[in-house]
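S.K.: Sequence first, predicted coordinates after that:
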Amino acid sequence: MKQEIKAPQELLAAQRLANVADTAIRIPGIGINVGLDFLIGLIPGIGDAVMTLVALRIVYLGRKLGMPKALQRKMVRNSLLDFAFGFIPVVGDIVDLFYKANKRNVRIMERWWLAQHQVDLKQQTQAKLDAWQETQQ
């Protein structure tokens with residue numbers, strides 16, 4: 001069997017960042033997850049600017065992975081849309097509760113990475129299943 005395929009460090013780092021930014025804290029009673037993007041975004045102007053830098057770090061990690069420019073542009077668009085809404089008082093905060101641009105961007109990264117490694121992942125899974133079935137006989 002080939003070397004085991006694992007998610008790259010860039011993707012894992014992007015997942016961690018998106019979690020902290022978008023969903024790390026569950027609001028009791030209403031069951032909505034928020035992250036630093038929502039909390040820091042409550043600070044007018046500066047909060048949204050800081051969290052946009054975090055969002056652009058996720059885009060950069062996608063670039064390091066070799067993602068196509070079209071997908072990188074889509075990720076930047078998601079981040080800028082989140083940033084723009086942040087400047088609208090109250091509405092921007094509500095958008096932050098539901099839009100979760102960082103999570104969206106990580107899903108784009110995940111789908112792309114999985115598509116790039118689909119065949120190898122299927123082979124790896126089948127090899128592990130075969131090995132497990134041998135131990136069951």
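M.R.: Alright, I've got the coordinates.

S.K.: Any idea which helix or strand in the chain has the lowest mean pLDDT?
M.R.: helix 91-98 (a mean of 84; mean pLDDT, DSSP states H and E).

S.K.: Next, the buried residues of that helix.
M.R.: Buried positions in helix 91-98, judged by neighbour count with 16 or more other CB atoms under 10 Å: Gly92, Asp93, Val95, Asp96, Leu97. (Glycine included, C-beta is placed from N, CA and C.)

S.K.: what's the distance between it and the middle of its chain?
M.R.: Taking CA atoms, centre = their mean, to the nearest Å, the mean C-alpha location of helix 91-98 is offset from the chain mean by 18 Å.

S.K.: Which residues belonging to the very next helix or strand once past that helix are considered buried?
M.R.: Next helix or strand after helix 91-98 toward the C-terminus (DSSP states H and E): helix 101-116. Buried residues in helix 101-116, counted by 16+ other CB under 10 Å: Ala101, Asn102, Lys103, Arg104, Asn105, Val106, Ile108, Met109, Trp112, Trp113.

S.K.: Show me what the biggest helix by length in the chain is in contact with.
M.R.: Ranked by number of residues, the top helix in the chain under DSSP state H is helix 46-65. Contacts with helix 46-65, where a contact means CB atoms under 8 Å, 6 or more residues apart in numbering, come from 8, 10-11, 13-14, 17-18, 21, 36-37, 40-41, 71-72, 75-76, 78-80, 82-83, 86-87, 92, 101-102, 105-106, 108-109, 112-113.

S.K.: What is the burial count for the closest residue to Val76 other than its chain neighbours?
M.R.: Leaving aside its chain neighbours, Val76 sits nearest to Val59 (5.6 Å; criterion: CB to CB, 6 or more residues apart in numbering). When counting by other CB atoms under 10 Å, one arrives at 23 neighbours for Val59.
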